[in-house]
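[1] Sequence first, then the predicted structure, then my questions.
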Amino acid sequence: MTLPMTAASAWQSERNRLLGIAYRMLGDFGHAEDVVSEVAIDAVRQERRPDGGRVDSWPAWLTTVCVRRSVDRVRQLATVREDYTGPWLPEPVDTARLPEDAVANRELLSLTLLHLAEQLAPEARAALVLHRAFGMSAPEIAEILEKTPAAVRQLISRAERRLEIDPEAPAPRAKDRAALEELVAAIEHGDIDTVVAMLDRDAVLWADGGGRVRSARNPLFGAARIARFFAGILGKAAAVDPLQPVRARLVDVNGGPAVLLRHNGRTDVLFVDGGPDGSIRELRQLSNPDKLTRLSLDFG
């Protein structure tokens with residue numbers, strides 16, 4: 001005889017998958033954990049309802065509540081992020097620390113797409129995450145979002161166009177590892193010319209210091225401005241430590257490689273995306289120490 005699944009056992013079984021959904025929706029692992037914990041409380045309350053709280057499928061019920069709570073949390077955070085000091089970037093996570101179910105399809109784990117997804121309305125973000133990362137169909141998503149399947153397909157299509165995702169292809173690849181190793185060496189040796197040569201003329205840099213550390217308060221557009229920004233970092237670092245002003249190494253974050261930087265007594269994580277010609281088109285620098293707690297920052 002098969003015993004019926006309880007709310008607690010169902011939540012425990014589904015927890016990692018729910019965490020993967022919520023993190024992709026929110027770009028903040030702490031808030032994702034909060035949402036998943038709230039889902040557990042909702043499930044227990046549902047089970048204890050006087051009418052018996054009958055649930056035909058706990059995994060489907062938990063997914064629905066998780067998505068709806070994530071949508072509500074996205075709306076709440078939008079107001080908070082409007083007052084954020086400088087550009088807001090998602091919280092990066094060491095992929096090795098993520099449970100396998102939370103990793104699932106790594107496409108929408110990339111910090112680039114998590115950042116770009118901030119442009120989307122909450123329901124569009126939910127539809128994209130459920131479809132692209134978890135393989136759910138439009139009718140399944142429609143039940144969760146209380147929309148028609150046709151409306152969901154339109155949400156997904158528009159979101160893919162907005163984020164420049166080819167529905168028939170995998171997510172855009174980050175700069176290949178060999179090129180990143182070249183960038184690491186150039187930064188460590190203070191070789192600004194090599195860094196500049198790797199940049200697309202119209203490259204853009206977002207720097208998230210969150211008001212906790214000195215950082216660019218606005219996005220920097222163009223290779224020349226980005227080069228001056230890095231030259232300033234290297235110059236200040238050399239004044240503090242002439243022998244080894246900057247240390248750099250590659251780390252695996254959010255399913256791909258990133259550059260870990262140590263300078264001026266602080267640590268930054270640099271995410272790089274390349275264009276079709278191999279040049280660097282986008283850089284995202286995370287310096288806010290509050291957002292680096294889920295990464296291994298060891299240089300040993």
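    Yes, it's here. Residues are numbered from 1 along each chain as shown.

[2] Could you use CA atoms for every contact and neighbour count after this?
    Fine.

[3] now the strands for the chain?
    Using DSSP state E, the strands found in the chain span residues 199-208, 220-221, 246-253, 256-263, 266-274, 280-286.

[4] And those strands: which comes nearest Leu295?
    strand 246-253 (7.8 Å; C-alpha to C-alpha).

[5] Extract the C-alpha set from that closest one and format it as PDB.
    Extracted in PDB, the C-alpha atoms of strand 246-253 (Å, rounded to 0.1, in the frame of the first residue of the first chain):
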ATOM      1  CA  VAL A 246      46.000  43.100  -7.900                       C
ATOM      2  CA  ARG A 247      45.400  39.400  -7.600                       C
ATOM      3  CA  ALA A 248      43.100  37.700 -10.000                       C
ATOM      4  CA  ARG A 249      41.900  34.200 -10.700                       C
ATOM      5  CA  LEU A 250      39.000  32.400 -12.400                       C
ATOM      6  CA  VAL A 251      36.100  31.000 -10.400                       C
ATOM      7  CA  ASP A 252      33.000  29.100 -11.400                       C
ATOM      8  CA  VAL A 253      29.900  31.100 -10.500                       C
END
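
[6] which helices and strands does that strand pack with?
    Packed against strand 246-253 by the contact rule (3 or more C-alpha pairs under 8 Å, 6 or more residues apart in numbering; DSSP states H and E) you find helix 177-188, helix 223-240, strand 256-263.

[7] Most tightly packed of these?
    Neighbour counts (mean count of other C-alpha atoms under 10 Å) averaged over each of the helices and strands packed on strand 246-253 peak at strand 256-263, with a mean of 21.

[8] Which strands or helices does that one pack on?
    Looks like strand 256-263 contacts helix 177-188, strand 246-253, strand 266-274 (3+ C-alpha pairs under 8 Å, 6+ apart).

[9] tally of neighbours for the residue nearest to Leu260 when sequence neighbours are not counted?
    Of all residues not flanking Leu260 in the chain, Val269 sits nearest, at 4.7 Å (C-alpha to C-alpha, 6 or more residues apart in numbering). Residues lying near Val269 (other C-alpha atoms under 10 Å) number 26.
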